[in-house]
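Participant: Here's a sequence, model it:
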Amino acid sequence: MTALDQKYFQRLVESSPDIVIAVDREGIVTYYNDGARQNLGYSSAEIIGEKLTRIYPSVEEARRVMKAMRESKDAGRISSFETIFRSKSGEPIPVAISGSLIHDEQGVEIGSIGFARDMRRMRLREQLATAGEIAVSLAHEINNPLESMTNNLELVTRSLEAHFNQTDFATERERLDSIRGAIRRVQAIVQRLDDIARKGVYQTRDYLAGKKMADLAAPEAAAAGPEHDADRPHGDWPLRGMSVLVLDDDLSVVNSLADLLRAEQCVVHTATLPSKALGLLRNMKIDAVISDVVMPEMDGYEFYTRIKQEMPDLPVILMTAYYYDRDHIIKRSRMQGLEGAIFKKPINPAKLRQLLIHSRNKP
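Facilitator: Numbering: from 1, shown residues only. Here you go, the predicted structure:
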């Protein structure tokens, strides 16, 4: 190596954001780069010439690292060996060390050098990734019960409307709209949690005397209008006799959606597995299919493409409790010709009704 190469190498190591420390045989620090200074808080003058144990929480921990090097089967080298450093302020810093023993020309050990990476940011990223997975799962687990609640709420609304006069029903409608508002609020909170987990951007608000917490509030959701179509003319049943297949692996969603469609005087068939749904489609006259996106056996895209192969003119509507199309199931289905898709549960009953009317009237 030329002198120029040596100077370049020294500058490269010195400017590395990782912690680079070399020690002699006795464990005295002989080299300490700028990355070590930034991470540990000690200046070079404070550390060079001192025992390496100064940056460890205990002598035993320092000995554990050196023992791993000396007992390594890779000629005194270790890679991503996890340990703990202690900063000047006393803060423990989890690190992963890659290093090796240094020998002279006769093969005698004269010291060691280690490159340590601060694991805090990496672990934070892992925690955020885990939080994102939890948020996605949480959205699914909450939105499916909300779907059942929304469907049954629509049925209750229709039943009360049929049994009360207009004046008495006005009071009941206020209560029902209050429940709808609460459902929308829960939806908005789950949506906000999902956004925070995926984008990592959020605001905080005061909580319990100065304590801060993530702000999940979404007041705009409360301003949304009613989601039912109670104002339609009495006796208007454009879906009467329409045969609809409902597929979802959540039985409460299947049952509530089936009841809602039967209230529209549809003929409803149900399934909780795609294989059973395909069997029904092959043996019965079905006018439209409403299918979940994420299911056992096959996802909504595969189910949709199988239907299109055998029954290319059959309308299919996909619904999902997830807040984004992580596996591009709906996107891929649209590329194959899917026209109607309800992206989020709980479904707006009036919107579902209009989609089915459109599919039925389509030439």
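Participant: Tell me where the stretch 251-363 of the chain is predicted with low confidence.
Facilitator: Where the stretch 251-363 of the chain drops to pLDDT under 70, the residues are 322-327, 340-344, 363.
Participant: now do 90
Facilitator: Within the stretch 251-363 of the chain, the ranges that satisfy pLDDT under 90 run 251-253, 255-256, 259-260, 263, 292-302, 304, 317-355, 358-363.
Participant: The stretch 251-363 of the chain: strands as residue ranges?
Facilitator: 267-271, 288-292, 316-319, 340-342 (DSSP state E, counting those that start in this stretch).
Participant: Could I get the ones you listed in CSV, plus columns for mean neighbour count and distance to S252?
Facilitator: C-beta coordinates here come from the backbone N, C-alpha and C atoms, glycine included. As requested, these are arranged in CSV below (neighbours: other C-beta atoms under 10 Å; distance: least, C-beta to C-beta, whole Å):
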stretch, mean neighbour count, distance to S252
strand 267-271, 19, 12
strand 288-292, 24, 12
strand 316-319, 24, 14
strand 340-342, 19, 17
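Participant: closest one to L261 among those strands?
Facilitator: Closest approach to L261 among these (C-beta to C-beta): strand 267-271, 4.9 Å.
Participant: angle of the closest one against strand 288-292?
Facilitator: 30 degrees (axes from the mean of the first three to the mean of the last three C-alpha atoms, to 10 degrees).
Participant: Tell me the gap between strand 267-271 and the middle of its chain.
Facilitator: 32 Å (C-alpha atoms, centre = their mean, to the nearest Å).
Participant: quick one: strands adjacent to that strand?
Facilitator: Partners of strand 267-271 in the sheet, by DSSP bridges, are strand 243-247 (parallel).
Participant: who's in contact with the partner strand?
Facilitator: 254, 257-258, 261, 266-272, 274, 277, 280-281, 284-292, 295, 303, 356 (C-beta atoms under 8 Å, 6 or more residues apart in numbering).
Participant: before we move on, what about stretch 309-320?
Facilitator: Outside stretch 309-320, the residues touching it (C-beta under 8 Å, 6+ apart) are 147, 248, 281-282, 286-294, 300, 304, 307-308, 329-330, 333, 338-345, 347, 352, 355-356, 359, 362.
Participant: tell me how far the ends of that stretch are from each other?
Facilitator: Using C-alpha to C-alpha, to the nearest Å, the end-to-end distance of stretch 309-320 comes out at 23 Å.
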